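Peer 1: pasted the sequence and its predicted model underneath.
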Amino acid sequence: MKQYSHAWLAFMAIKRLEDVELSTSNRKYADSLIKWFKDHKDGVAQGAWYPDLIIKDMASSHVLKFTPGNDGERGKFRKLPTTYLLRQHCQDSDLRQRPYEIDKDTNLPDRCEAIAHSVIDNLKMQESEEKGSPIAPTDNHVATLLFMLSHYVADGHVPFHCDSRRFSDGKNIHGKLEGEWDDAIKKYYLLDEANERFFYNPAGYPLPDREKEQQYRGSFLKKVEDNLRNRDFNISWGTRNNNVWDFMSAICQHSYLFSYLFIPEGRDHTNVTAQNWKRLGSVSFEEVNIAVLCDAIDSIARIYFRIWRKYKRWEKR
């Protein structure tokens, strides 16, 4: 994904936590996180872009690449929460019955688990050190880690990040897909590009361009908004998933299946064109947009909440 897509997804995840119903105890944790995030929101666009701009581990930690096979044991797929569109679309995928291999040195779930621990560890260190301690992490440091985490989580939802076919080659269909998302966000929201941030509405979220409100109603971003409004939210990782690593492994497995529903077997960078790439498979371009963005928002919200709650419970000891 591109810079403003990553920043927008992080904001929408926080908005998701603000909008959904939670138990009384969980609402307390969510509200604490929401306030903390909004106090540091000006750094989202830079922090969420740090993995691409500075760290540049795109070939390994932004991806978990799967290759389908015909020999060996049937593939073992982790479960996602029932509300996830990736789960719903991929339930009957033929590839579920086939073995797969994971490309060497691709490790997105490991990266997400590591940063999640780092956020909690740095918050604990900050809490434990005296004010003014030279070794205490700053709020801005912790916020950057949190924004970076949302980048890797979002990337796991992009189908081509989990498909070993080379869709960045040829007509760069990978880039075209991600460009569509960033173009829509730039079109419908007001950007303070000189300062690498959004302008904000009174609630502290990206400010929509009201002059384009009529066009927005027909956009896939509006469909994302509508889908999230009408879907339940819970904090579960999904059956038998116990942590960020398990959950992101499930996401990546379903992104792999979803990629083959969008671009079927027999197609790759040599025969997918700029004219046909949106209409080759059993899921439409718009269904891809809605599923990827909706599920990414819910995943970032869930992971943000779970690691914040884990730290807050430690803090009370």
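Peer 2: Received the coordinates, thanks.

Peer 1: contacts and neighbour counts: CA atoms only from here.
Peer 2: Noted.

Peer 1: how many neighbours does residue 270 have?
Peer 2: 11 (other C-alpha atoms under 10 Å).

Peer 1: for the stretch 101-250 of the chain, what spans make up the strands?
Peer 2: 191-192, 197-198 (DSSP state E, counting those that start in this stretch).

Peer 1: and those: which comes nearest residue 28?
Peer 2: strand 197-198 (27.1 Å; C-alpha to C-alpha).

Peer 1: mind listing residues that contact the closest one?
Peer 2: For strand 197-198, the external contacting residues (C-alpha atoms under 8 Å, 6 or more residues apart in numbering) are 42-45, 189-192, 206-207.

Peer 1: distance from it to the middle of the chain?
Peer 2: In terms of C-alpha atoms, centre = their mean, to the nearest Å, the centre of strand 197-198 is set 19 Å apart from its chain centre.

Peer 1: show the pLDDT at the nearest residue to residue 78 once chain neighbours are set aside.
Peer 2: Distances taken as C-alpha to C-alpha, 6 or more residues apart in numbering put residue 250 closest to residue 78, at 4.9 Å, once the chain neighbours are dropped. In this model, residue 250 is scored at 98, pLDDT.

Peer 1: was I right about residue 250 contacting residue 77?
Peer 2: Yes - at 6.8 Å, residue 250 counts as touching residue 77 under the criterion of C-alpha atoms under 8 Å.

Peer 1: the two: which has the busier surroundings?
Peer 2: Neighbours were counted for residue 250 and for residue 77 using other C-alpha under 10 Å; residue 250 has more, 23 against 14.

Peer 1: who are the packing partners of the strand or helix carrying residue 304?
Peer 2: For residue 304, the host element (DSSP states H and E) is helix 285-315. If contacts are counted by 3 or more C-alpha pairs under 8 Å, 6 or more residues apart in numbering; DSSP states H and E, helix 285-315 sits against helix 3-19, helix 24-39, helix 85-90, helix 108-128, helix 139-155, helix 220-230, helix 244-262.

Peer 1: return the most buried member of the ones you listed.
Peer 2: Comparing those by mean neighbour count (mean count of other C-alpha atoms under 10 Å), helix 244-262 comes out on top with a mean of 25.

Peer 1: run the chain-centre distance for that helix.
Peer 2: On C-alpha atoms, centre = their mean, the centre of helix 244-262 falls 12 Å from the chain's centre.

Peer 1: where does the prediction get shaky in the stretch 1-150 of the chain?
Peer 2: Across the stretch 1-150 of the chain, nothing is flagged by pLDDT under 70.

Peer 1: and with 80 instead?
Peer 2: 72-73 (pLDDT under 80).

Peer 1: and the stretch 201-317 of the chain, by the same measure?
Peer 2: 315-317.

Peer 1: chain neighbours aside, what residue packs nearest to the residue nearest in space to the middle of the chain?
Peer 2: Taking C-alpha atoms, centre = their mean, the centroid of the chain lies closest to residue 154, which sits 1.9 Å from it. For residue 154, ignoring the flanking residues on the chain, the nearest one in space by C-alpha to C-alpha, 6+ apart is residue 296 at 5.3 Å.

Peer 1: residues near the one you found, how many?
Peer 2: Around residue 296 there are 27 residues (other C-alpha under 10 Å).

Peer 1: what do you get for the one 5 residues further on?
Peer 2: Other residues near residue 301 come to 25 when the count uses other C-alpha under 10 Å.
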